[in-house]
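Engineer: compute the structure for the input listed below.
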Amino acid sequence: MQTPVILIVEDEDVTRLNLVSLFEAEGYKVIEAIDGDDMHDKLTTHDDVNLVVMDINLPGKNGLILARELRQKRNIGLIFLTGRDNDVDRILGLEIGADDYITKPFNPRELTIRARNLISRTGSSGEESAIETNGVITFNGWELDENSRCLTSPAGEAKRLPKGEYRALRLMLDSPGRIFSREQLIKHMTGRELRANDRTVDVTIRRIRKHFESDTNTSELISTIHGEGYRFIGKIDG
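Structural biologist: Prediction:
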């Protein structure tokens, strides 16, 4: 089995070296970058990166901008590891497409567990793991391609979903009408437990609903069940 590869993007030398040592001790191959340009160079020369662990406060382009650029090119796992602990940055990071957001100071064991779970879900080199099935799910004029994670509207506009959005939507499409709690959704999306004041699920559902808003006939496909969770109320074709 190929050794997973982690790219650390951190400009503070001591923190970066500590992260390198931490992940190498866990058996990962680790690559370092100090800023956005360095990150893109490393991704160009290393097409086997499984996970990026990135600070937000970087020289030049900050981590939020770099995350947008990363999502346009690659679909590898992304964890923000940053000193910014306000809700605005956390929600923005998740909306951009980060798979997880951890604030400093952090528990090293927790970080390695989250990294391992994320790598196991995303598979190698940013591809979906083998548990994903082939085919296209059609519902209310929409199509969800299980290979590419592309969501196509009735008008033919296609958007590739981040892994979290895809996994949440796919789970609900598998059981139309079933109510999924936030605990169930976060477990399926990220492999971790729901934390206090964790808005990851709500942000993800909001992003999915925003896709559906492009078609006025199907803008209310996901219903909020107050105090319980969310459910898909559309109709699966076929």
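
Engineer: so where is this protein shaky, pLDDT-wise?
Structural biologist: 1, 122-134, 238 (pLDDT under 70).

Engineer: the strands in it, which residues?
Structural biologist: With DSSP state E, the ranges of strands along the chain come out as 5-9, 29-33, 51-54, 77-82, 100-103, 136-139, 142-145, 150-152, 158-160, 222-225, 229-232.

Engineer: so how many other residues sit close to residue 24?
Structural biologist: Around residue 24 there are 12 other residues, counting by other CB atoms under 10 Å. Quick note: C-beta positions are derived from backbone N, CA and C, even for glycine.

Engineer: thought it was touching residue 31?
Structural biologist: No. With contacts counted by CB atoms under 8 Å, residue 24 stays clear of residue 31, the gap being 11.0 Å.

Engineer: how about the helices in this protein?
Structural biologist: Along the chain, the segments classed as helices by DSSP state H run 13-25, 36-45, 63-73, 87-96, 108-122, 163-174, 182-190, 200-212.

Engineer: related to what we said a few turns ago, got TSV for the strands of the chain, with mean neighbour count and distance to residue 118 too?
Structural biologist: Below are these laid out as TSV (neighbours: other CB atoms under 10 Å; distance: least, CB to CB, whole Å):
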stretch	mean neighbour count	distance to residue 118
strand 5-9	24	10
strand 29-33	19	15
strand 51-54	26	6
strand 77-82	24	4
strand 100-103	19	7
strand 136-139	16	24
strand 142-145	18	22
strand 150-152	18	22
strand 158-160	12	18
strand 222-225	14	24
strand 229-232	21	22
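
Engineer: format the ones you listed as CSV; extra columns: distance to residue 197.
Structural biologist: Putting these into CSV (distance: least, CB to CB, whole Å) gives the following:
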stretch, distance to residue 197
strand 5-9, 26
strand 29-33, 31
strand 51-54, 23
strand 77-82, 17
strand 100-103, 12
strand 136-139, 32
strand 142-145, 30
strand 150-152, 29
strand 158-160, 29
strand 222-225, 18
strand 229-232, 17
